[in-house]
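A.B. asks: Quick one, fold the following:
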Amino acid sequence: MEEIGVRMEQGAIEVPKGLDKVIVDRTGIASTDSDGNLVYRGYRAVDLAEKRSFEQTAYLVMYGHLPDSSEIEDFSRFLMINYGIDDSTERIMQLMPKDTKLIDLLRSVVSLVPLKEKKDDKILIEIGAKMPRISSDGYRILKGMPILKDVQGSYAERFYYLLTGNYDSVGARYFEKILILYMEHEFNASTFTLRVAASTLTDPRAAVTAALAALKGPLHGGANAEILNYMLKMKSTDEAVKFVEDKLAKKEKIMGFGHRIYKKLDPRAQFAKEQLKSLAKLKDAEQLYDYAAAIEKAMWDKKQIPANLDFYAATCFYLLGIEESFYTPIFAASRLFGWGAHYIEQVSDNKLIRPDSKYVGPVGLEL
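C.D. replies: Predicted structure coming up:
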């Protein structure tokens with residue numbers, strides 16, 4: 001009789017738990033270069049954040065090249081035309097329990113909001129266009145606040161307005177840079193979840209819904225503001241260092257630090273750090289930057305663990321007047337365009353993602 005406990009598919013390869021350092025497929029969308037920089041379609045993400053708009057970067061990620069003037073005009077117009085949601089969707093949000101988490105609302109609404117488009121790429125971009133409105137309206141409905149009317153402007157300007165109620169092109173530009181850095185990052189947990197779903201040839205909406213479910217977890221997109229709540233109570237850089245020492249002494253994880261890819265330095269985080277420094281000076285909140293920098297240095301000195309993008313992004317969002325509830329939905333709205341690119345890439349050269357497993361349970365039991 002075959003031993004169930006040791007049976008594995010002939011030729012199967014046992015790999016590290018969590019697929020650490022395992023290449024499962026090829027992609028032409030994003031990677032890290034030899035210097036550790038995140039690149040989108042060959043361009044450094046930090047350069048795109050500094051020199052290009054959100055729309056230009058989203059087009060690049062989705063279609064593989066930077067758009068010309070005609071292409072970006074059409075793409076931007078499409079986003080504006082499809083920005084809104086219908087009354088039936090608003091009524092559904094009204095019926096949701098008031099203690100619903102915003103990311104749960106976002107996932108539910110994305111799964112059912114009426115869409116006009118039929119082609120996969122257009123469906124995905126239409127969902128992306130609606131993410132800011134769903135996030136804003138959902139939050140305000142749950143809080144019993146009036147819904148904001150729309151305004152004219154770029155994707156980042158309109159999104160920033162819907163998050164804060166302020167139309168501020170300067171603040172929106174800081175916001176836009178962080179959005180660009182969140183847009184794509186290889187086979188991260190939510191993207192891989194989307195690709196697994198896409199490999200079954202499910203529709204784009206269902207695949208995005210699966211990705212949103214993965215994004216909720218605190219080890220991926222669900223805890224990028226935790227450390228900020230501590231920083232806001234600090235009075236000195238010494239207190240910031242003590243915070244790190246106390247957490248490490250208790251063997252507690254400090255969110256905002258560490259990354260599967262970046263072991264020594266996260267270039268996105270360093271770019272966001274410079275944005276925070278500039279923003280903190282603008283907002284007369286330079287002590288907050290000092291506390292953040294002190295925490296980063298203490299973590300490196302004591303554990304050699306670098307800050308990741310979330311650490312500085314959350315502090316930037318706070319200074320931009322963005323509520324903590326929005327932080328994960330912001331990640332989702334930006335990453336939607338990366339997910340879209342991965343959905344298209346997966347189905348264009350598809351093979352069902354179905355790994356084997358090694359059974360280690362009991363064997364030989366009889367009734």
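A.B. asks: so where's the stretch 151-300 of the chain shaky on pLDDT?
C.D. replies: Residue ranges of the stretch 151-300 of the chain with pLDDT under 70: 222-226.
A.B. asks: the helices in it, which residues?
C.D. replies: Residue ranges of the helices in the stretch 151-300 of the chain, as given by DSSP state H, counting those that start in this stretch, are 155-164, 169-182, 189-199, 204-215, 226-231, 237-249, 267-282, 286-303.
A.B. asks: and of those, who's closest to residue 89?
C.D. replies: For the helices of the stretch 151-300 of the chain, proximity to residue 89 was assessed by CB to CB; helix 204-215 is nearest, at 13.3 Å. No exception for glycine: its C-beta is placed from N, CA and C like everyone else's.
A.B. asks: So what touches the closest one?
C.D. replies: 103, 106-107, 110-111, 115, 120, 123-124, 127, 189-191, 193-194, 196-198, 220-222, 328, 331-332, 335-336, 339-340, 343 (CB atoms under 8 Å, 6 or more residues apart in numbering).
A.B. asks: how far off helix 189-199 does that helix point, in degrees?
C.D. replies: 150 degrees (axes from the mean of the first three to the mean of the last three CA atoms, to 10 degrees).
A.B. asks: pull the CA atoms of helix 204-215 into CSV?
C.D. replies: Extracted as CSV, the C-alpha positions of helix 204-215 are listed here (Å, rounded to 0.1, in the frame of the first residue of the first chain):
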residue,chain,number,x,y,z
PRO,A,204,-10.7,40.6,-14.0
ARG,A,205,-13.2,41.8,-11.3
ALA,A,206,-13.0,38.5,-9.5
ALA,A,207,-9.2,38.5,-9.6
VAL,A,208,-9.0,42.0,-8.2
THR,A,209,-11.4,41.1,-5.4
ALA,A,210,-9.1,38.2,-4.5
ALA,A,211,-6.1,40.6,-4.5
LEU,A,212,-8.0,43.0,-2.2
ALA,A,213,-8.7,40.1,0.3
ALA,A,214,-4.9,39.4,0.4
LEU,A,215,-4.1,43.1,0.9
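A.B. asks: Buried residues in it, which are they?
C.D. replies: Neighbour-count burial for helix 204-215 flags 204-205, 207-215 (criterion: 16 or more other CB atoms under 10 Å).
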